[in-house]
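[1] kindly return the folded structure for what I paste below:
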Amino acid sequence: MKAIYYTEYGPAEVLQFGEQPTPKIKSDQVLVRVRASSVNPVDWKVRDGSAKMMTDRIFPKIPGRDIAGAVAAIGDEVTRFRIGDRVFGMPIGIGGANAEYAAVDATVLAFIPDNLSFEQAAAVPLAALTALQALHNHAKLLSGDRVLINGASGGVGSMGVQLARALGAGEITGVCGPDNVELVRSLGADRVINHKEHDFTKDASRYDIIFDAVGKTNFIDSKASLRNGGRYVTTAPNPKDVALGMLAASLSNKKMLAFMAKNRGADMSLIANWLRTDVLKPVIDKTFPLAETAEAHRYSEKGGAAGKIVLTVE
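    Okay, here's the model as predicted:
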């Protein structure tokens, strides 16, 4: 099969496009003919070696967390899917999606809603799972909560704004750059802060939840902006900031939460239902063919993408 792969850690130039073995599926897995994938910051953080703690030194590695495609083969124990079904989700682990085929556990896949293209579906899994678990599982968003999302125009943040509305937030504030203010407002934010003009940490005791979707803040700097009982949650933490934040939180009535998204089929099915009813809509910044994944990585590394960077797989 054609795939993007690399044989050493390094800059985007280490990415190669060529032949790799087609994955063999286990009895509880599905082989997906990938039609679209995506680039997430975690992909290039693993590729450049800055996230070695998440991986091993076995090469070659195929990057990519998001897949959307059609079922090509089914393991003996799989009964839910049929060959040809349109599905989306994430492979187990930290890669494997930027290729013509991917082996995926059947339990973590969901059916692509009829109103979504493969490209739109590929923009969803990691971003939506991260936002849902941040707001629902960890921050435990309650009806009427005041929620701030930092990085509201990015892949995770754009899903977070929409999910906060779906989960019953009373007021949603999105923080983004000046070029994306109208986008964030269109996604359902009640207030939009241009981070170049205003520092949200100066909004004393305004928020029940602060969700930093881009890892640009920390609990200590944000604590004064949380109401009593408020929750600060981040998905891209600096280890030092986490340690200091946990200590500071232990001395207050506010919580510091840091996590990595889990691959949950039940969550994917819930997300699929919201997509089917237009409660959620994927936001795509730019699309690249699979062969140009290196360029897509470089584009992602610059920062500032509005929504997701999608890869098409012919």
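
[2] burial count for G18?
    G18 has 11 neighbours, counted by other Cβ atoms under 10 Å. No exception for glycine: its C-beta is placed from N, CA and C like everyone else's.

[3] alpha carbons of the biggest strand by length in the chain, in PDB - could you do that?
    Longest among the strand segments of the chain by residue count, using DSSP state E, is strand 29-39. Presented in PDB, the C-alpha positions along strand 29-39 are these (Å, rounded to 0.1, in the frame of the first residue of the first chain):
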ATOM      1  CA  GLN A  29     -10.500  -5.600  13.900                       C
ATOM      2  CA  VAL A  30     -11.600  -4.000  10.700                       C
ATOM      3  CA  LEU A  31      -9.300  -3.100   7.700                       C
ATOM      4  CA  VAL A  32     -10.300   0.300   6.500                       C
ATOM      5  CA  ARG A  33      -9.600   1.600   3.000                       C
ATOM      6  CA  VAL A  34      -8.700   5.100   4.100                       C
ATOM      7  CA  ARG A  35     -10.100   7.900   1.900                       C
ATOM      8  CA  ALA A  36      -9.200  10.800   4.100                       C
ATOM      9  CA  SER A  37      -7.000  11.400   7.100                       C
ATOM     10  CA  SER A  38      -5.700  14.500   8.900                       C
ATOM     11  CA  VAL A  39      -2.700  16.200  10.600                       C
END
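
[4] what's that strand packed up against?
    Here strand 29-39 touches strand 67-74, strand 101-105, helix 118-122, helix 293-302, strand 308-312, going by 3 or more Cβ pairs under 8 Å, 6 or more residues apart in numbering; DSSP states H and E.

[5] so what touches the following helix or strand past that strand?
    Beyond strand 29-39 in the direction of the C-terminus, DSSP states H and E gives the next helix or strand as helix 41-47. Under the criterion Cβ atoms under 8 Å, 6 or more residues apart in numbering, residues 6, 9-10, 12, 14-15, 51-52, 54-55, 61, 63-65, 94-95, 98, 126, 236, 297, 300-301 lie in contact with helix 41-47.

[6] just the buried ones out of those residues, please.
    6, 9, 12, 14-15, 51, 61, 63-65, 94-95, 98, 126, 236, 297, 300 (16 or more other Cβ atoms under 10 Å).

[7] from the residues you listed, which land in strands?
    Going by DSSP E, the strands hold none of these.

[8] which of those fall in helices?
    L126, H297, S300 (DSSP state H).

[9] correct me, but the first one touches D66?
    Yes: under the criterion of Cβ atoms under 8 Å, L126 lies in contact with D66, with a separation of 5.5 Å.

[10] are there residues contacting both of those two? Which ones?
    Joint contacts of L126 and D66 (Cβ under 8 Å, 6+ apart) are S38, N40, M90.

[11] most neighbours among those residues, which one?
    Of all those, the most densely surrounded is S38 (31 neighbours; neighbours counted as other Cβ under 10 Å).

[12] so what does K2 have for phi and psi?
    When quoted as degrees, to the nearest 10, the phi and psi of K2 stand at phi -80, psi 140.

[13] from I74, how far off is it?
    22 Å (Cβ to Cβ, to the nearest Å).

[14] so which of the two has more stuff around it?
    Neighbours were counted for K2 and for I74 using other Cβ under 10 Å; I74 has more, 19 against 15.

[15] check contacts around the more buried one.
    Neighbour list for I74: I25, V30, L31, F81, R82, I83, A106 [criterion: Cβ under 8 Å, 6+ apart].

[16] again with E314
    Residues counted as contacts of E314 (Cβ under 8 Å, 6+ apart) are P289, L290.

[17] and the pLDDT at it?
    Per-residue pLDDT puts E314 at 90.

[18] so how far is L290 from it?
    Applying Cβ to Cβ, the value for E314 to L290 is 7 Å.

[19] check A249 too.
    Per Cβ to Cβ, A249 is found 43 Å from L290.

[20] same question for N115.
    For N115, the distance to L290 - Cβ to Cβ - is 24 Å.

[21] what do you get for V156?
    Counting by Cβ to Cβ, the gap from V156 to L290 is 23 Å.

[22] higher neighbour count, those two?
    Shown here are V156 and L290; by other Cβ under 10 Å, V156 has more neighbours (26 against 21).

[23] that one looks like it's in a helix, true?
    Yes: read with DSSP: H, G, I helix; E, B strand; the rest coil, V156 is one of the residues of a helix.

[24] now it: closest residue in space, sequence neighbours ignored.
    Nearest-residue entry for V156: A213, 4.1 Å, with adjacent residues in sequence omitted and distances by Cβ to Cβ, 6 or more residues apart in numbering.

[25] what's the neighbour count on that neighbour?
    Neighbours around A213, by other Cβ under 10 Å: 28.

[26] same question for V181.
    If you count neighbours by other Cβ under 10 Å, V181 ends up with 17.

[27] got the phi/psi numbers for it?
    Torsion angles, degrees, to the nearest 10, at V181: phi -60, psi -50.
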